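> Need coordinates for the following:
(one chain, ligands or ions: 1)
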Amino acid sequence: MQIDILGICGSPVKGGNTEVFLSECLKATEAEGDVNTKLISLAGKDIKDCRHCNWCLRKQEENKFCAQQDDMQEIYQAMVEADAVLFASPAYIGRLSGYMACMIDRLRAFVYGNQYGGKLKNKVGGALAVAWGRNSGLETTLLSLVSAIFILGMIPVIPLASPGSPFGAAGVSSEGGTGRFNREDKLLVLRDEYGLVGARGLGKRLVEVTRLLKVGGGALSGQGR
Ligand SMILES: Cc1cc2nc3c(=O)[nH]c(=O)nc-3n(C[C@H](O)[C@H](O)[C@H](O)COP(=O)(O)O)c2cc1C
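Numbering: from 1, shown residues only. This next block holds a predicted model:
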């Protein structure tokens, strides 16, 4: 059974630590076999703030999710197609980035939308965060992502059998999370073995739960989700 996993990276830095951390997680999902992955980076994308105009409550039509026409269209479409979604953000002042917050606010179209309300319900969700320091906001950033996963009606998963965070995968982008800079290497998260165990464990667990739900949904409806 093939499953489709979408990863969304909320860093404005293309190919930065958050994106490569998310890529490692996606690679771990692919290693489970029969998994199709897609990574969307928010870097350089035009994603406007939700205006609270309530258009989505009454006026959604097929493939029309929101009144605003911008790069969210691609994300809405990809989310509808995905079985599971990974939300990855750098820690910005101890919580998710503004880019990620903007994107997540626009997902209200999947909560109350007249056509797409409930569309993310029972899809599986996981959170990843990358911070400069080991103890300067990783878990609060993960919790800010996990709260969105709950509110969207998704099924949250965390990495099991890892000594890392119980809220998702947590990586550091300074030397060992100490805040030390390394001029030669700007992608230090790839040297954070402790964090990478969490990212890979999250990927594995995401596939396991997504398969269970897909089989279960198919058994209940006789035809899949
Ligand atoms: C506006 C801003 C706020 C930040 N706040 C924190 C923070 O609270 N804690 C922390 O450890 N790092 C913080 N950082 C550092 C980033 O989380 C860190 O450099 C991360 O690796 C960036 O990911 P990227 O390489 O994908 O851009 C902040 C960086 C910026 C630009």
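> any idea which helix or strand carries the most centrally placed residue in the chain?
The chain has F87 as the residue nearest its centroid, 1.4 Å off, counting by Cα atoms, centre = their mean. Assigned by DSSP states H and E, F87 belongs to strand 84-90.
> Just give me how far that strand sits from the chain centre.
2 Å (Cα atoms, centre = their mean, to the nearest Å).
> Show me the beta-bridge partners of the residue nearest to the centre of the chain.
I8, A127 (DSSP bridges).
> which regions of this protein sit below the pLDDT cut-off?
Counting by pLDDT under 70, the chain contains low-confidence residues at 162, 223-225.
> which helices and strands sit right next to the longest helix along the chain?
Longest helix in the chain by number of residues (criterion: DSSP state H): helix 193-221. Counting by 3 or more Cβ pairs under 8 Å, 6 or more residues apart in numbering; DSSP states H and E, the packing neighbours recorded for helix 193-221 are strand 3-9, helix 17-30, strand 84-90, strand 124-131, strand 169-172. (C-beta placed from N, C-alpha, C; glycine too.)
> Turn the ones you listed into TSV, including distance to the ligand.
Shown next, in TSV, are the helices and strands packed on helix 193-221 (distance: least, Cβ to the nearest ligand atom, whole Å):
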stretch	distance to the ligand
strand 3-9	7
helix 17-30	3
strand 84-90	3
strand 124-131	3
strand 169-172	8
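> now these in JSON lines, with distance to G203?
Converted to JSON lines, the helices and strands packed on helix 193-221 look like this (distance: least, Cβ to Cβ, whole Å):
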{"stretch": "strand 3-9", "distance to G203": "8"}
{"stretch": "helix 17-30", "distance to G203": "3"}
{"stretch": "strand 84-90", "distance to G203": "8"}
{"stretch": "strand 124-131", "distance to G203": "8"}
{"stretch": "strand 169-172", "distance to G203": "8"}
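> The residue nearest to the centre of the chain reaches K123, doesn't it?
No. Using Cβ atoms under 8 Å, F87 is not in contact with K123, being 11.8 Å away.
> near the ligand, which residues of this structure?
By Cβ under 6 Å from any ligand atom, the part of the chain that sits against the ligand consists of 11, 13, 16-19, 90-94, 130-133, 136-137, 173.
> Just the buried residues of those residues.
11, 16-19, 90-92, 130-132, 136-137, 173 (16 or more other Cβ atoms under 10 Å).
> so who does L39 touch?
Counting by Cβ atoms under 8 Å, 6 or more residues apart in numbering, L39 touches L6, G7, I8, C9, E19, L22, S23, L26.
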